[in-house]
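1. structure of the sequence below:
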Amino acid sequence: MSTPRAPRPTKIIRQELPPHLKVPPGQFVTTKFPVLTYGPTPRIDLSRWRFRLFGLVEREQELTWEEFQALPRAVVTADFHCVTQWSRLDNTWEGVLARTLVELARPKPEARFVMVHCYGGYTTNLLLEDLLAETTIFADHHDGKPLPPEHGGPLRLVVPHLYAWKSAKWVSGMEFLDQEEPGFWELRGYHMRGDPWQEERFWPELG
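-> Model prediction:
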């Protein structure tokens with residue numbers, strides 16, 4: 001049985017930045033897309049793939065791949081900044097906006113933080129307001145092609161306005177929280193937010 005074809009994108013969004021903000025301080029531009037990963041690349045059977053929305057929400061959800069693909073889709077063109085100092089400009093990501101999933105879960109008023117969970121055990125934390133940014137997307141395509149496993153396929157989170165460790169690969173769900181908790185790299189000295197224009201790479205006391 002073939003996987004149903006995803007609906008055509010209904011929103012086209014471009015990250016609009018003035019020229020002097022295209023490349024954050026301390027970064028260099030590359031056309032390559034380096035593969036940087038914690039742990040081995042998981043191989044995920046789409047028939048068993050699940051995406052959970054849980055924690056402080058009104059409606060807990062567990063989506064199958066087919067259900068996820070049936071959600072309204074969008075295309076986001078945005079830059080991508082790695083904490084290791086490279087930036088790849090004008091990437092085109094296709095998938096489901098994070099806002100769509102948040103609306104599906106209906107976070108409770110006290111939910112102000114999110115922990116992103118991934119296949120393979122990786123986690124990263126976000127402010128809910130960063131998750132709700134217009135360009136934040138759960139992407140299954142990159143530059144017109146299905147996202148390969150080494151870059152986070154079948155599905156990765158992309159948060160263009162933060163360093164790329166926040167753009168978690170192989171996502172399996174989001175947990176909504178009332179207190180901020182550190183994820184995998186945050187526990188190991190990376191900054192809790194990771195704003196590239198502020199060079200928030202590590203804990204301030206490590207700077």
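2. helices of the protein, start to end?
-> Assignment of helices within the chain using DSSP state H yields the ranges 65-69, 98-105, 128-131.
3. can you redo the ones you listed as a markdown table with mean neighbour count?
-> (Each C-beta comes from the backbone N, C-alpha and C, glycine too.) What follows is these, written out as a markdown table (neighbours: other CB atoms under 10 Å):
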| stretch | mean neighbour count |
| --- | --- |
| helix 65-69 | 17 |
| helix 98-105 | 18 |
| helix 128-131 | 16 |
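4. nearest to Phe138, of those helices?
-> Taking CB to CB, helix 98-105 is the member of the helices of the chain nearest to Phe138, at 6.3 Å.
5. still on that earlier bit, JSON lines for the helices of the chain, including mean pLDDT?
-> Putting those into JSON lines (pLDDT from 0 to 100) gives the following:
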{"stretch": "helix 65-69", "mean pLDDT": "97"}
{"stretch": "helix 98-105", "mean pLDDT": "98"}
{"stretch": "helix 128-131", "mean pLDDT": "98"}
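6. out of the ones you listed, the one nearest Arg52 is which?
-> Relative to Arg52, the nearest member of the helices of the chain by CB to CB is helix 98-105, separated by 9.6 Å.
7. which other residues reach that closest one?
-> Counting contacts by CB atoms under 8 Å, 6 or more residues apart in numbering, the residues outside helix 98-105 that touch it are 53-54, 57-61, 71-72, 74, 128, 131-134, 136-138, 157, 174, 176.
8. quick one: which of those sit in strands?
-> Leu53, Phe54, Gln61, Ala74, Ile137, Phe138, Leu157, Met174, Phe176 (DSSP state E).
9. now do the contacts for the last one.
-> Contact partners of Phe176, counting by CB under 8 Å, 6+ apart, are Leu53, Phe54, Gly55, Leu56, Val57, Ala105, Pro107, Lys108, Ala111, Phe113, Val114, Leu128.
10. 7 Å - rerun?
-> Listed by CB atoms under 7 Å, 6 or more residues apart in numbering, the contact partners of Phe176 are Gly55, Leu56, Val57, Ala105, Pro107, Ala111, Val114.
11. what backbone torsions are found at the second one?
-> It stands for Leu56. Here the main-chain torsion angles of Leu56 (degrees, to the nearest 10) amount to phi -80, psi 70.
12. so where's this protein shaky on pLDDT?
-> Scanning the chain for pLDDT under 70 picks out 1-7, 205-207.
13. can you do 90?
-> Across the chain, the ranges flagged by pLDDT under 90 are 1-12, 14-22, 35-40, 43, 203-207.
14. which one's the longest strand in it?
-> Assignment by DSSP E; longest strand in the chain turns out to be strand 86-97.
15. what lies in contact with stretch 142-161?
-> By CB under 7 Å, 6+ apart, the list of residues contacting stretch 142-161 from outside reads 15, 33, 35, 41, 43-44, 46, 49, 78-80, 91-93, 116, 126, 130, 133, 135-141, 166-171.
16. of these, select the buried ones using a ChimeraX command.
-> Isolation of the buried members of the contacts of stretch 142-161 (16 or more other CB atoms under 10 Å) is achieved in ChimeraX through the command below:
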select :15,41,44,49,78,79,80,91,92,93,116,126,130,133,135,136,137,138,139,140,141,166,167,168,169,170,171
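17. hang on, the earlier thing: just flag the most distant two among the ones in strands among the contacts of helix 98-105.
-> When the ones in strands among the contacts of helix 98-105 are compared pair by pair using CB to CB, the two farthest from each other are Phe54 and Ala74, 23.4 Å apart.
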